[in-house]
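K.L.:
pasting a predicted model and its sequence here:
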Amino acid sequence: MRKEWKQPLLEVLDVS
Amino acid sequence: MIKNQNIINTHVVSQIEGNIVSDMDGEKVMLSIHNGKYYNLGDIGGEIWDSIKEPITIEGLVTKLQAQYDVGKAECEEHVITFLSQLIDEGLVHVEG
């Protein structure tokens, strides 16, 4: 069974 | 190197080396040692990242993802190219014609 697709997004993390 | 506006499905994409990658709660998190930034690729983004460890055409990448996920070819291709454009902007991948 194939998994649900969600649009992949690149999140830039703010690590201060 | 290909700029993100010009990506087509016959282009070959691969990782640029020099990133520290870790799985966190099913999502892939990465530190670029080139720019010092941290990234969250998410779960599907992590799958894509793993799939481009070796050079692969975007068409091949889409086919691979379609085998795992319930998504049409056009939608998958559009989303993958958008995601790869973000990776190009951050200097994380190579795309060659």
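P.N.:
Looks like it came in fine. Numbers count the residues shown, from 1 in each chain, chains lettered A, B, ... in the order given.
K.L.:
please count neighbours and contacts with C-alpha atoms only from this point.
P.N.:
Will do.
K.L.:
for chain A, just list every one of the strands.
P.N.:
Taking DSSP state E to define them, one finds strands in chain A at A:3-4, A:11-13.
K.L.:
equivalent analysis for chain B, please.
P.N.:
For chain B, applying DSSP E gives strands covering B:12-15, B:19-24, B:27-32, B:38-41, B:56-57, B:69-70, B:93-96.
K.L.:
how about JSON lines for these, with mean pLDDT and mean neighbour count added?
P.N.:
Converted to JSON lines, the strands of chain B look like this (pLDDT from 0 to 100; neighbours: other CA atoms under 10 Å in any protein chain shown):
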{"stretch": "strand B:12-15", "mean pLDDT": "95", "mean neighbour count": "22"}
{"stretch": "strand B:19-24", "mean pLDDT": "90", "mean neighbour count": "14"}
{"stretch": "strand B:27-32", "mean pLDDT": "92", "mean neighbour count": "19"}
{"stretch": "strand B:38-41", "mean pLDDT": "93", "mean neighbour count": "21"}
{"stretch": "strand B:56-57", "mean pLDDT": "96", "mean neighbour count": "18"}
{"stretch": "strand B:69-70", "mean pLDDT": "96", "mean neighbour count": "16"}
{"stretch": "strand B:93-96", "mean pLDDT": "86", "mean neighbour count": "20"}
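K.L.:
quick one: contacts of the worst-scoring helix or strand of chain A on mean pLDDT?
P.N.:
Ranked by mean pLDDT, DSSP states H and E, the weakest helix or strand in chain A is strand A:3-4, scoring a mean of 88. Residues from elsewhere that reach strand A:3-4 (CA atoms under 8 Å, 6 or more residues apart in numbering or on different chains): B:68-71.
K.L.:
distance from stretch B:85-96 to the middle of the chain?
P.N.:
8 Å (CA atoms, centre = their mean, to the nearest Å).
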